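A.B. asks: Got a sequence here, can you model it:
(chains A and B)
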Number of protein chains: 2
Amino acid sequence: MRLALEYAGARYIDVLRTRRGDFRNERKRPPFAPPYLVAGRQVIAQTANILLFLGPRLRLAPRDEAGRLWAHQLQLTIADWLTEVHDTHHPVGSALYYEQQKPEARRRAADFLAHRLPKFLGYFEEILEASGGPYLLGGRLTYPDLSLFQMVTGLRYAFPHAMARIERRCPRVLALQARVEADPRLARYLRSRRRIPFNQQGIFRAYPELDQRRNNSKKT
Amino acid sequence: MRLALEYAGARYIDVLRTRRGDFRNERKRPPFAPPYLVAGRQVIAQTANILLFLGPRLRLAPRDEAGRLWAHQLQLTIADWLTEVHDTHHPVGSALYYEQQKPEARRRAADFLAHRLPKFLGYFEEILEASGGPYLLGGRLTYPDLSLFQMVTGLRYAFPHAMARIERRCPRVLALQARVEADPRLARYLRSRRRIPFNQQGIFRAYPELDQRRNNSKKT
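C.D. replies: Residues are numbered from 1 along each chain as shown, chains lettered A, B, ... in the order given. Sure, this is the predicted structure:
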């Protein structure tokens, strides 16, 4: 969401980082949970829904309905993927600390790295191949490209060893990540203090015990 | 998705229940996973995305953009909720059997019933109160009402004891469930063989050991 706004050069206020935003006074159509976007009198929640709204306005979505649904479908798939990343460190529940669910987290993370991560990466590699690249929808960047960039960057932070091994199989996904990272429209933002660094409170967390080395018996 | 099609009296073929559908020949815009809808030359995946497409066509969504985004936001919240229901019996991974993750499932289900289920039900109760009812968007049924009906019905199948206790606190949600169940537009479908009964292979599963009785020490 921030990436889409920054890429398009939109003016926005990041309420979370300036003062505490409280939109519980939105009584008629309240969000279930953050994040949400306040645009005029509308309060819109659910990241994929926010991007559905912003996409056409920021020129980050196709014009035709079929194309917009396809971009949204990719975004929803990335949202599912992100939930699975979160659940690698919180497989029992978000009300508990990671430290209270470490054995479960180990099992879930191992399953994620063995089965789900290659499946998701392989899927997006396939989409990039079918689209002709360099972006998911072809020659022009749309908002799911920004989400895929964020996903790959976050996964490298959280699972550096597993990613180093798996990502070789998806050169197109890697090329997309590098292309977005180098995009002049994002370069200043990515170096700025507005860009929130990955950290141990977010969705992507670097717990070495959840990462996967080739030889699990070898500890370095 | 089936409920929306049935409610609107749309003609459709349930490929899953007739012959195996294989849309892997959809090479340009392939779905990541089922379910998907084939509408003319379009293949649309992700349930919420399918309902976003069907909503206006089946007259199950508001006409204005803000209303459509709001309906979609509610649908996405129900989708998140559904993922959490699934994870009560598969907290480690879908590649494993339930029997291979029973201790983890017990912890996750307990957390879900204690924290998440009341939160979700309370949220939708609040929405129904704010809308004036009887439906989530007010006087007219839209597709998230059908999804909420399915959710409550499924939860009662999966967690009869926990639901019997919690649902007293959300009379509006219960009234919506009963109203949809009794709707003449759905009555024939719900009694038909087209309606798939809840079962132990689906998302809602009745594992008594994951349900919660008031007194956990008392076994009956």
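A.B. asks: which element follows the lowest-mean-pLDDT helix or strand in chain A toward the C-terminus?
C.D. replies: Using mean pLDDT, DSSP states H and E, helix A:15-18 stands out as the lowest-scoring helix or strand of chain A, at a mean of 69. Downstream of helix A:15-18, the first helix or strand assigned by DSSP states H and E is strand A:36-39.
A.B. asks: Could you check how far residue A:118 is from chain B?
C.D. replies: With distances taken as C-beta to the nearest C-beta, to the nearest Å, residue A:118 is found 12 Å from chain B. C-beta coordinates here come from the backbone N, C-alpha and C atoms, glycine included.
A.B. asks: In chain A, where is pLDDT below threshold?
C.D. replies: Along chain A, segments meeting pLDDT under 70 span A:17-26, A:214-220.
A.B. asks: tell me the domain ranges of it?
C.D. replies: Following the assignment in automatic domain parsing, chain A carries domains at A:2-57, A:65-210.
A.B. asks: Which of those has the highest mean neighbour count?
C.D. replies: Across those, averaging neighbours per residue (mean count of other C-beta atoms under 10 Å in any protein chain shown) puts domain A:65-210 on top, at a mean of 18.
A.B. asks: Start and end of it, how far apart?
C.D. replies: Domain A:65-210 has an end-to-end distance of 41 Å (criterion: C-alpha to C-alpha, to the nearest Å).
A.B. asks: ok, back up a step: can I get the domains of chain A in JSON lines with distance to residue B:113?
C.D. replies: Formatted as JSON lines, the domains of chain A follow (distance: least, C-beta to C-beta, whole Å):
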{"stretch": "domain A:2-57", "distance to residue B:113": "18"}
{"stretch": "domain A:65-210", "distance to residue B:113": "11"}
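A.B. asks: ok, now which ones touch residue A:37?
C.D. replies: The contact partners of residue A:37, taken as C-beta atoms under 8 Å, 6 or more residues apart in numbering or on different chains, are A:1, A:43, A:44, A:45, A:50, A:53, A:54.
A.B. asks: Report the secondary structure element holding the second one.
C.D. replies: Here residue A:43 sits within strand A:42-45, counting by DSSP H and E.
A.B. asks: Is that strand positioned near chain B?
C.D. replies: Yes - Strand A:42-45 reaches chain B (C-beta under 8 Å from any C-beta of the partner chain) through A:42, A:44, A:45.
A.B. asks: same deal with stretch A:79-96?
C.D. replies: Yes - residues of stretch A:79-96 are located near chain B by C-beta under 8 Å from any C-beta, namely A:80, A:83, A:87, A:91, A:92, A:93, A:95, A:96.
A.B. asks: closest to chain B among these?
C.D. replies: Closest approach to chain B among these (C-beta to the nearest C-beta): residue A:93, at 3.4 Å.
A.B. asks: Without its sequence neighbours, what residue ends up closest to the closest one?
C.D. replies: Residue nearest to residue A:93 in three dimensions, not counting chain neighbours: residue B:111, with 3.4 Å by C-beta to C-beta, 6 or more residues apart in numbering or on different chains.
A.B. asks: Would you mind measuring from that neighbour to residue B:102?
C.D. replies: 15 Å (C-beta to C-beta, to the nearest Å).
A.B. asks: likewise residue A:91?
C.D. replies: 14 Å.
A.B. asks: re earlier: mind checking which of the domains of chain A is nearest residue B:62?
C.D. replies: Nearest to residue B:62, of all the domains of chain A, is domain A:2-57, at 11.7 Å by C-beta to C-beta.
A.B. asks: Please name the residues that touch the residue nearest the centre of chain A.
C.D. replies: Compute the mean C-alpha point of chain A, and by C-alpha atoms, centre = their mean the closest residue is residue A:151, 4.0 Å away. For residue A:151, the contact set (C-beta under 8 Å, 6+ apart) comprises A:78, A:81, A:82, A:85.
A.B. asks: and the two most separated of the residues you listed?
C.D. replies: A:78 and A:85 (10.2 Å).
A.B. asks: Check which helices and strands the helix ranked longest in chain A is in contact with.
C.D. replies: For chain A, the longest helix by residue count, based on DSSP state H, is helix A:65-89. When contacts are defined as 3 or more C-beta pairs under 8 Å, 6 or more residues apart in numbering or on different chains; DSSP states H and E, helix A:65-89 sits against helix A:47-57, helix A:102-111, helix A:117-131, helix A:143-158, strand B:42-45, helix B:47-57, helix B:65-89.
A.B. asks: Using JSON lines, lay out these together with distance to residue B:207.
C.D. replies: Shown next, in JSON lines, are these (distance: least, C-beta to C-beta, whole Å):
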{"stretch": "helix A:47-57", "distance to residue B:207": "31"}
{"stretch": "helix A:102-111", "distance to residue B:207": "18"}
{"stretch": "helix A:117-131", "distance to residue B:207": "26"}
{"stretch": "helix A:143-158", "distance to residue B:207": "31"}
{"stretch": "strand B:42-45", "distance to residue B:207": "29"}
{"stretch": "helix B:47-57", "distance to residue B:207": "24"}
{"stretch": "helix B:65-89", "distance to residue B:207": "6"}
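A.B. asks: mind checking which of these is nearest residue A:30?
C.D. replies: Of all those, it is helix B:65-89 that lies closest to residue A:30, at 10.2 Å by C-beta to C-beta.
A.B. asks: now residue A:201, what's its secondary structure?
C.D. replies: Here residue A:201 is recorded as coil under DSSP: H, G, I helix; E, B strand; the rest coil.
A.B. asks: so residue A:89 sits right up against residue A:105, yeah?
C.D. replies: Yes - contact between residue A:89 and residue A:105 holds when scored by C-beta atoms under 8 Å: they sit 5.3 Å apart.
A.B. asks: Spit out the contact partners of residue A:185.
C.D. replies: Contacts of residue A:185 (C-beta under 8 Å, 6+ apart): A:6, A:7, A:9.
A.B. asks: go with 7 Å
C.D. replies: Going by C-beta atoms under 7 Å, 6 or more residues apart in numbering or on different chains, residue A:185 touches residue A:7.
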